[in-house]
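>>> give me a model of this one.
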Amino acid sequence: PHHIQGGMLTPVTLCPLGDVQWAGDRHEVAFDHLQAHIARCLTLPNPLFIGLGDFTDFASPSNLDAIRGARLYDTARKVIDQKAEALTDECYEKILKPTKGKWLGLLSGHHYYEFSYGGNSDQHLCKLLDTTYFGEGAAGVGLRWKASGHTEWVKIYAHHGCGSSVFPYGPIGKLYRVAPNFLVDIMLMGHQTKRASANFDVMDFVFPTQGSPRLDHRTRHLVGTGGWGKGYVEGNEKATYVEQGMLPPVALGQPIIHIRPAWRRNAHGLTLWEPGITVEV
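Model prediction:
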């Protein structure tokens, strides 16, 4: 859990960040747009970043399997380790450094490197960013507002993602399948490089110890978190797999999620806390 300082009405800006796929060439990434996006996030109220994985593009799962099975000399593995670490350092220095200390945590995606001396490139990036490593798969994060004995939460489900889709709403379908299984407010998924957002309400019957029973509406926000690696790169002699496969260009950029808490009086005269979540895609 992450405690929000400043009172029950403190606004927070949730900034999903991932699928950068940095491989050392700024022309293969929407580099200037990414820099501008991070700069804007940092001007917004209480920005908190959450990592969706694939920050570097050094090795895919099949590449990792090939490296593990290769009969390499120790010196060869050392050179590969050094290059993977240097690439991660470069991603931090050239892109992510201004965000240090403003992270909830970071997931691994499909593209990372496992060092022969232990740990992986995403764990190394977490140390540079001073944040928590969430591991692979899904992570649950709680934002907590607490004051004068009153506590409220915004709960987040984050997953790097999987699968593919030709439709711009591809991540929404994946998230919607698991949405009934997680009692959260925000669900995030990367990987497909598609920016998309959809909401649906969950109904809750509330029987308080004081006051009348009531019916609460709790909105669940499903968000595809986009990315920054270009599908089409001008001037490259070798085409990307996106261009080779005649695939549509990816949706570059990432959403920003605004949490603006407020008090509301309901039909029973009760004063209720609402998170005021809106998604900017």
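>>> all strands of the stretch 1-150 of the chain, in order?
Ranges of strands in the stretch 1-150 of the chain, per DSSP state E, counting those that start in this stretch, are 2-4, 12-17, 47-51, 103-107, 133-135, 138-147, 150-159.
>>> output the ones you listed as CSV; include the columns mean pLDDT.
Formatted as CSV, the strands of the stretch 1-150 of the chain follow (pLDDT from 0 to 100):
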stretch, mean pLDDT
strand 2-4, 97
strand 12-17, 98
strand 47-51, 98
strand 103-107, 98
strand 133-135, 98
strand 138-147, 97
strand 150-159, 97
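>>> tell me where the stretch 1-150 of the chain has helices.
31-43, 61-69, 74-91, 121-129 (DSSP state H, counting those that start in this stretch).
>>> mean pLDDT lowest where, among the ones you listed?
For those, mean pLDDT drops lowest on helix 61-69, to a mean of 82.
>>> quick one: it to chain centroid distance?
25 Å (CA atoms, centre = their mean, to the nearest Å).
>>> need the helices of the stretch 1-150 of the chain in a markdown table with distance to Glu237 and mean neighbour count, can you?
To be clear about C-beta, it is placed using only N, CA and C from the backbone, and glycine gets the same treatment. Output for the helices of the stretch 1-150 of the chain, formatted as a markdown table (distance: least, CB to CB, whole Å; neighbours: other CB atoms under 10 Å):
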| stretch | distance to Glu237 | mean neighbour count |
| --- | --- | --- |
| helix 31-43 | 20 | 15 |
| helix 61-69 | 22 | 12 |
| helix 74-91 | 22 | 15 |
| helix 121-129 | 28 | 20 |
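>>> I'd like these laid out as CSV, including distance to Leu215.
Listed next are the helices of the stretch 1-150 of the chain as CSV, based on distance: least, CB to CB, whole Å:
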stretch, distance to Leu215
helix 31-43, 36
helix 61-69, 46
helix 74-91, 47
helix 121-129, 42
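>>> which one, of those helices, ends up nearest to Gly53?
helix 121-129 (7.0 Å; CB to CB).
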